[in-house]
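Asker: A structural model of the following input is requested.
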Amino acid sequence: MRSSSSNSLTPCESGVLVAISNWEADCVIIHHLNGGSSGFPCEINDDPIMDLVIPKNETFPHAEERRLLYVAITRAKKLVYGFYHPRTPSIFVRELSEIPGVKVHDPRFAPLIKAGGMCPRCKSGVMSAVWVENTIKLLCSNGDECGHSTEIRCPECKVGEILPKKARNTGRTFFGCNQFPTCKHIYKESIS
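Answerer: This is a model prediction of the structure:
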């Protein structure tokens, strides 16, 4: 970073989200945008005893963490970088990727492709769910002419992939999100 009063380099400063509300910087780096119990937002439920000392719970999911993330993002004059573990991105990463002008460099956060939708490559084929090598994928109806195929992303959590699973009690195969137990989506589209 360069100081505005001179050409000398100034050290980078770091801080916790709750302490940076009066700071400003050209670039803000937010690390650990992971999902799960130690992620951001934290997915551990508060102890019920906390309800006795904290005012009424917020109705909007992760409201306090959402406000903290807003503070961190609005401290940047030019750029914000967020880092997360590739297997466990936070729900905030998906939400941010849906905002026009925000770039998330991860193919999982590209626009969701659905069975029955237009092929994003050739723009003339229709995507359909098919069995391919012990899993399911979306394939373009134009076959070898186009050749586009992709994993089926979960339409509910928008992070996980739809994979074949076996029911414990019946042994039957069904298709569900690989982010279980966080996401309990079951894929019910027809599969060829």
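Asker: kindly report the domain assignment for this structure.
Answerer: 17-109, 112-192 (automatic domain parsing).
Asker: from the chain's centroid, how far away is the longest one?
Answerer: For domain 17-109, the distance between its averaged C-alpha position and the chain's averaged C-alpha position is 11 Å (C-alpha atoms, centre = their mean, to the nearest Å).
Asker: export the domains of the chain as a markdown table, with columns for mean pLDDT and mean neighbour count.
Answerer: Glycine gets a C-beta too; all of them are placed from N, C-alpha and C. Rendered in a markdown table, the data for these read as follows (pLDDT from 0 to 100; neighbours: other C-beta atoms under 10 Å):
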| stretch | mean pLDDT | mean neighbour count |
| --- | --- | --- |
| domain 17-109 | 80 | 14 |
| domain 112-192 | 86 | 15 |
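Asker: what segments of the protein are strands?
Answerer: Taking DSSP state E as the test, the strands found in the chain are 25-30, 76-82, 127-132, 135-140, 149-151, 162-166, 173-177.
Asker: show me what stretch 69-88 is in contact with.
Answerer: 17, 20-21, 23-36, 39-40, 90, 92-93, 96, 106 (C-beta atoms under 8 Å, 6 or more residues apart in numbering).
Asker: 6 Å - rerun?
Answerer: 17, 20-21, 23-24, 26-31, 33-36, 92-93 (C-beta atoms under 6 Å, 6 or more residues apart in numbering).
Asker: re the thing from before, turn the strands of the chain into JSON lines, including distance to Asp47.
Answerer: Formatted as JSON lines, the strands of the chain follow (distance: least, C-beta to C-beta, whole Å):
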{"stretch": "strand 25-30", "distance to Asp47": "27"}
{"stretch": "strand 76-82", "distance to Asp47": "29"}
{"stretch": "strand 127-132", "distance to Asp47": "43"}
{"stretch": "strand 135-140", "distance to Asp47": "40"}
{"stretch": "strand 149-151", "distance to Asp47": "38"}
{"stretch": "strand 162-166", "distance to Asp47": "33"}
{"stretch": "strand 173-177", "distance to Asp47": "28"}
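Asker: Gly116 is nearest to which of the ones you listed?
Answerer: Nearest to Gly116 among the strands of the chain is strand 127-132; the distance by C-beta to C-beta comes to 6.9 Å.
Asker: any idea how far that closest one is from the chain center?
Answerer: Using C-alpha atoms, centre = their mean, the distance between the centre of strand 127-132 and that of its chain works out at 24 Å.
Asker: give the pairing partners of it; include direction for each.
Answerer: If you go by DSSP bridges, strand 127-132 pairs up with strand 135-140 (antiparallel).
Asker: for Arg67, which of the strands of the chain is the nearest?
Answerer: Of all the strands of the chain, strand 25-30 comes closest under C-beta to C-beta, at 13.9 Å.
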